[in-house]
Each structure stands twice: as structure tokens, then as C-alpha cells.
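1. Mind folding the following:
(one chain, ligands or ions: 1)
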Amino acid sequence: MNKNSAIRKDIGKNIIDTHCHIGNTPYVSQTAEELLDEMDSLGVSMAVLCPMGANIVCKNQEGNELISNAIKKYPERFIGFASVNPWFGKEAIYELKRSINDLGLSGLKLHPPMQGFQANERIVFPVIEEAIQLKIPIYIHSGTPVFSLPLQILELSLRYPEGIFILGHMGGADFFLDIPLSFNRVSNVYLETSLTCHPVFVSEAVNKIGADRLLFGSDSPTSQIKAELEKIKVLNFEEEVLNKILWGNAYRLFKI
Ligand SMILES: [Zn+2]
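-> Next up is the predicted model:
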């Protein structure tokens with residue numbers, strides 16, 4: 001990351017979107033440039049890029065290289081997360097190490113329903129342990145039974161207190177109620193706001209868990225940055241809370 005970037009000097013006026021994708025699926029696609037256009041139109045200074053579609057499921061190397069190329073081309077705008085499928089065993093570990101050490105990526109994205117495992121089953125433990133060794137945050141999609149319920153991810157975070165986890169979508173549309181009851185038990189899980197279906201879930205999380213653990217994310221191009229931003233803005237948080245959610249917590253977590 002370029003420490004002298006204009007973004008760093010002007011960070012208080014910017015927004016960091018902690019969950020975006022580039023690549024293709026049968027339903028949506030997005031290039032780095034298309035995402036940058038949307039970011040620029042909304043004052044989003046930086047975004048975390050993850051692979052999508054087959055690049056999450058099976059073509060992990062291709063996806064991680066796509067992300068690497070984008071962050072090398074636009075180092076002041078993008079942070080890259082790698083995706084590896086735990087079912088690939090030692091190959092997944094090797095690919096994760098390569099992504100972080102050689103490709104310049106700085107986090108791990110897991111998607112249990114797409115990758116075919118339950119979030120707290122042992123198939124994923126070696127990948128989590130490698131991510132902890134590499135000192136990178138671990139983003140896990142949540143909200144899809146039976147693969148990725150918030151309580152399964154809570155169990156993983158209790159098993160690995162030294163890991164830093166990001167609960168994608170805060171349980172999604174149907175499992176938000178598990179969050180305020182349970183995630184105040186742990187301090188190593190951040191909550192990412194994309195695809196939560198009602199803004200009040202975000203204010204509930206701030207009240208019960210605290211503003212220091214929330215990260216704004218859009219899941220672009222599945223959702224739109226503008227819609228996801230509006231969901232936060234309508235809550236009329238005081239400026240300190242809003243700044244933490246929109247950029248401050250991400251700034252700290254990603255050591256920008
Ligand atoms: Zn996503």
C-alpha cells in the first residue's frame with residue numbers, strides 16, 4: 001500500500017467498501033474499471049476485492065491472479081482477498097501462501113455454500129490455521145443454512161481466538177437475530193453490512209456489540225454500493241459512529 005497516497009491524507013472524507021467482487025458468474029460480472037467508476041461516483045476511496053463465481057469454487061488460482069493484477073494496477077484503490085477451496089487440501093494451503101506472499105493479497109475469503117463445506121467442520125481447520133499463521137483476516141459468507149449460519153462461524157471464532165474473522169452479511173436476511181445475542185461473547189469477529197435486509201439490523205448491532213466491530217460492505221456487483229450506503233446513511237448515526245463503520249474500522253483492520 002502506498003503510504004503517501006492522497007487517500008491516506010484525506011481518509012476522513014472517504015469510504016472503504018470492505019466487500020466487492022470482480023470477475024464473472026452466470027448472472028453478474030464486473031471489471032476493476034467498472035467498479036472504480038461506481039466507487040468514484042459515490043466517493044468510495046478504497047474497496048476490498050474478492051474473486052467470484054467459479055474463481056471461488058474451483059478456479060482459485062485464476063481468481064487470485066485476477067485480484068492480484070487489479071491491486072497492482074490500482075494499489076491506492078484496492079485491497080485483495082484470496083479465495084481457496086478447503087477441499088483442495090494441501091493445494092489450498094499452497095495457493096493461500098502463494099496469494100499472500102507472492103501475489104500481494106492480504107486476506108482470505110471463504111464461501112461455505114459455494115465451496116461445499118459447513119463453516120465449523122474440520123475440513124476448513126487447516127486453511128484457518130494457515131490464515132492465522134499468515135496474520136490475515138478471514139472473511140466468511142454467512143446466512144445460508146446449513147452451511148454458514150452465524151452460530152457456526154461463532155464456534156469457529158471461539159475455537160480460534162487468535163484468528164480475525166469477518167462475518168459476511170451479518171447473518172443475511174434471516175439470521176440476524178443470532179448476532180446481538182451471541183457475538184458480544186467474542187472480540188475477534190467483525191460484522192460486514194452488505195445484504196442485511198433492514199437498516200435496523202445495523203443499528204441493533206451498534207447498540208448491542210458496539211460500533212468498533214462494524215464494517216461497511218456492498219457485495220458489489222450482487223448488490224449496489226449506492227443502495228448499501230443508503231442503508232447506513234438513513235440511520236442518522238452520529239458522525240463518530242458513521243466514520244467508524246464507513247472507513248475507520250477498516251482503516252485499522254487493514255492497516256492502511
Ligand atoms: Zn460476496
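2. Next SSE downstream of the helix or strand of the chain with the lowest mean pLDDT?
-> Among the helices and strands of the chain, helix 6-9 carries the lowest confidence by mean pLDDT, DSSP states H and E, at a mean of 40. For helix 6-9, the following helix or strand on the C-terminal side (DSSP states H and E) is strand 15-21.
3. List the contacts of the next helix or strand after that next one.
-> Using DSSP H and E, the helix or strand that follows strand 15-21 in sequence is strand 23-24. Residues from elsewhere that reach strand 23-24, judged by C-beta atoms under 8 Å, 6 or more residues apart in numbering: 29-30, 51-55, 63, 66. To be clear about C-beta, it is placed using only N, CA and C from the backbone, and glycine gets the same treatment.
4. Filter the residues you listed down to the buried ones.
-> Neighbour-count burial (16 or more other C-beta atoms under 10 Å) applied to these gives 30, 51-55, 63, 66.
5. Grab the two from the contacts of strand 23-24 that are most spread out in space.
-> Gln30 and Ala54 (14.7 Å; C-beta to C-beta).
6. Strands of the protein, start to end?
-> Using DSSP state E, the strands of the chain run over 15-21, 23-24, 29-30, 44-50, 78-80, 82-83, 108-110, 138-141, 165-168, 189-192, 214-215.
7. how much space between Glu204 and Asp212?
-> 15 Å (C-beta to C-beta, to the nearest Å).
8. Settle it for me: which of those two has more neighbours?
-> Each of Glu204 and Asp212 has its neighbours counted (other C-beta atoms under 10 Å); Glu204 has more, 17 against 14.
9. quick one on the thing from earlier: ok, which of the strands of the chain comes nearest Lys97?
-> Proximity to Lys97 (C-beta to C-beta) singles out strand 82-83 among the strands of the chain, at 9.6 Å.
10. what does the closest one contact?
-> 50-51, 55-56, 60, 63-64, 67, 95-96, 99-100, 103, 105, 107-111.
11. Kindly supply the PyMOL command isolating those of those that are buried.
-> Restricted to buried positions by 16+ other C-beta under 10 Å, the PyMOL selection for the contacts of strand 82-83 reads:
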select buried, resi 50+51+55+56+60+63+64+67+95+96+99+100+103+105+107+108+109+110+111
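12. What distance do you get for the nearest residue to Lys231 once chain neighbours are set aside to Lys208?
-> Of all residues not flanking Lys231 in the chain, Pro199 sits nearest, at 4.7 Å (C-beta to C-beta, 6 or more residues apart in numbering). Per C-beta to C-beta, Pro199 is found 15 Å from Lys208.
13. same deal with Thr222?
-> 27 Å.
14. which of those two has more neighbours?
-> Comparing Thr222 with Lys208 by neighbour count (other C-beta under 10 Å), the higher total belongs to Thr222, at 16 against 13.
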